[in-house]
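Participant: Need coordinates for the below:
(2 chains)
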Amino acid sequence: QKEVEQNSGPLSVPEGAIASLNCTYSDRGSQSFFWYRQYSGKSPELIMFIYSNGDKEDGRFTAQLNKASQYVSLLIRDSQPSDSATYLCAVHQGGSEKLVFGKGTKLTVNP
Amino acid sequence: GAVVSQHPSRVICKSGTSVKIECRSLDFQATTMFWYRQFPKQSLMLMATSNEGSKATYEQGVEKDKFLINHASLTLSTLTVTSAHPEDSSFYICSATFESYEQYFGPGTRLTVT
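Facilitator: I've put the predicted structure just below:
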């Protein structure tokens, strides 16, 4: 069973701080990795995707991928209360079109 | 770009009736659409994968005769929950892809079966 693991949290950070969200995956054949944000009662929204080892930055968000360690993370700089949501890590399952989702980490940014 | 819509956003039906949910890709042609279900405080659970013009592929444990999926065109997939029961009450979300692995999600449909 191919798995994606996330710390369920809740992760609580003060406004302006860096929030660090982590994810590990079991399928070494995985090539594509995604971070989604889901507000309560809403559907997931794609924030970032990363395919290559290293860092990828987009505004306040940085995704980091280490395929050797089977680890992907999302950093949110200058966290805002509006960033409070559940963050889902998703991994493209090699050999199919499906994404395998982690259970999500709930982030709370305190004003 | 990459906008996916769902209709209805919310539906309440009586036990034993059927409900149809539509998923449309508005600004792109979706090669594949996916249907998920999400219970409160739980993660997404993939129900089925749908390709235009072919039969849907259901995940293990999902009854294909209960959850009918039709993918008639590259912009429309429908999920019909047949003979709905209260335990089918959930948040149903579709997503769509176009020649890549990024999935773009619709806003979801909240189904309540009374």
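
Participant: quick one: A:Lys98 and A:Pro10, what's the gap?
Facilitator: With distances defined as C-beta to C-beta, to the nearest Å, the gap from A:Lys98 to A:Pro10 amounts to 28 Å. C-beta: built from backbone N, CA, C; applies to glycine.

Participant: now do A:Thr86
Facilitator: Taking C-beta to C-beta as the criterion, A:Thr86 is separated from A:Pro10 by 9 Å.

Participant: more neighbours, A:Lys98 and A:Pro10?
Facilitator: Counting neighbours by other C-beta atoms under 10 Å in any protein chain shown for A:Lys98 and for A:Pro10 shows that A:Lys98 has the greater number, 19 against 11.

Participant: tell me how far the ends of stretch A:57-67 are from each other?
Facilitator: Stretch A:57-67 has its terminal residues 18 Å apart, counting by C-alpha to C-alpha, to the nearest Å.

Participant: what about it, near chain B?
Facilitator: No. Residues of stretch A:57-67 are not located near chain B by C-beta under 8 Å from any C-beta of the partner chain, the shortest gap being 13.1 Å.

Participant: Centre of the chain to that stretch, how far?
Facilitator: Between the mean C-alpha location of stretch A:57-67 and the chain-wide mean there is a distance of 9 Å, by C-alpha atoms, centre = their mean, to the nearest Å.

Participant: Can you tell me what sits against it?
Facilitator: Among residues not part of stretch A:57-67, those counted as contacts by C-beta atoms under 8 Å, 6 or more residues apart in numbering or on different chains are A:28, A:33, A:35, A:47-56, A:71-78.

Participant: List the buried residues in that stretch.
Facilitator: Neighbour-count burial for stretch A:57-67, with 16 or more other C-beta atoms under 10 Å in any protein chain shown as criterion, is recorded at A:61-65.

Participant: Just those residues: which are in strands?
Facilitator: Taking DSSP state E as the definition of strands, those contribute A:61-65.

Participant: so who does the spatially most central residue of chain B touch?
Facilitator: In chain B, the C-alpha closest to the average C-alpha coordinate belongs to B:Trp35, at a distance of 3.7 Å (C-alpha atoms, centre = their mean). Residues in contact with B:Trp35, defined by C-beta under 8 Å, 6+ apart, are B:23, B:46-48, B:50, B:56, B:67, B:69, B:77, B:79, B:92-94.

Participant: could you pick out which of these are near chain A?
Facilitator: Cross-checking the contacts of B:Trp35 against chain A (C-beta under 8 Å from any C-beta) gives B:46, B:93 as the overlapping residues.
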